[in-house]
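*Asks:* Build me a structure from this.
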Amino acid sequence: MSEFTATPASAPARVSVIGLGLMGSALAAALLNAGHQVTVWNRSPAKVGILAAQGAVPADSPAAAIAASDLTILCLTTYDNVSELLEPLADSLAGRVLANLTNGTPDQARTLAAWVEAQGAAYLDGGIMAVPQMIATPAGYVLYSGDEQAYETHRATLAALGGTRWTGTDPGFAALYDMSLLTGMYGMITGISQAFAVMRSANVPAAEFGPLLENWVIAMTQGLTADYARALDSGDHLTDVASLGMQAPAFDNLLDLYRAQGVSTDLFEPLAALFKRSVEEGHAADGLSRLAELVRK
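*Replies:* Coordinates of the predicted model:
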């Protein structure tokens, strides 16, 4: 996957945005702020007014929105919603570029891409790595996969939404990267939630414990992904820092603590079992990166 690259500002382009929830509205606003000619459509017309006041052109139907622009961005709730919207329009999609930024799985992206391409249109799948407030800021970016020519043609326009990152011609890869990144995020949220639950069970104010937890998480994750990547790509998981054999017994203490404090063990029992299996299968001398290989089994 290529690194982020600087994208020159594009000339005003005609872009349609279908789906004006919080994220879709942020995407449309960013395109307007970048000077593009934006047509919008939403199932609920009430959400169109604010964008129309900013210069967007309301379309009276999805078909009209797609016809108005060479590039149409779809940001709906599910892939089923996207399919239900597009299927009646099959005869009018030829020659268009559809960039679907709806959250879904790689297989859903591949299935939709095949259908769109069969109608003579180009398909881009996108994974938005941002909340609406991060759109068009240096902190937000969008992963893309699918039709590379369509991506290169419209990359400068798409850059109005934030950083752009190409993940490959497999339409499912943007979703694969997206959901894997979300997995890492939710894993951290799991640990943070459990830590707060334990301290709150002892009536320690969250505001008192929070800064300690933040500093600890930052310190422990600094360089962790790079270390993981080196170990996984090389196959060398041996460590002289904190081996699985050393850490595995500590999980019994953690689970005992949770029970004693009246906190559920549900989130951490699977991880405790994984640590135990790592030792049983002869990986006691390895570091944490070995866990990623064990999960694959």
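
*Asks:* what are the ranges of the helices in the stretch 51-200 of the chain?
*Replies:* Listed in chain order, the helices found in the stretch 51-200 of the chain under DSSP state H, counting those that start in this stretch are 62-67, 79-86, 106-118, 148-158, 173-201.

*Asks:* Check which helices and strands the second one is in contact with.
*Replies:* Here helix 79-86 touches strand 97-100, helix 106-118, going by 3 or more C-beta pairs under 8 Å, 6 or more residues apart in numbering; DSSP states H and E. The C-beta positions use only the backbone N, C-alpha and C, and glycine is treated the same way.

*Asks:* Can I get those in a markdown table including distance to Thr225?
*Replies:* Formatted as a markdown table, the helices and strands packed on helix 79-86 follow (distance: least, C-beta to C-beta, whole Å):
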| stretch | distance to Thr225 |
| --- | --- |
| strand 97-100 | 28 |
| helix 106-118 | 21 |
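
*Asks:* Just name the most buried of these.
*Replies:* Among the helices and strands packed on helix 79-86, the stretch with the highest mean neighbour count (mean count of other C-beta atoms under 10 Å) is strand 97-100, at a mean of 27.

*Asks:* I'd like the mean pLDDT over that one, please.
*Replies:* For strand 97-100, the mean per-residue pLDDT is 98.

*Asks:* who's in contact with the strand or helix carrying Arg259?
*Replies:* Of the helices and strands defined by DSSP states H and E, Arg259 is found in helix 250-260. Contacts of helix 250-260 with the rest of the structure, by C-beta atoms under 8 Å, 6 or more residues apart in numbering, involve Gln194, Val198, Val263, Ser264, Thr265, Phe268, Glu269, Leu271, Ala272, Phe275, Lys276.

*Asks:* buried subset of these?
*Replies:* When these are checked for burial by 16 or more other C-beta atoms under 10 Å, the buried set is Gln194, Val198, Val263, Phe268, Leu271, Ala272, Phe275.

*Asks:* quick one: which of these is nearest to Phe173?
*Replies:* The closest of those to Phe173 turns out to be Leu271 (C-beta to C-beta; 28.0 Å).
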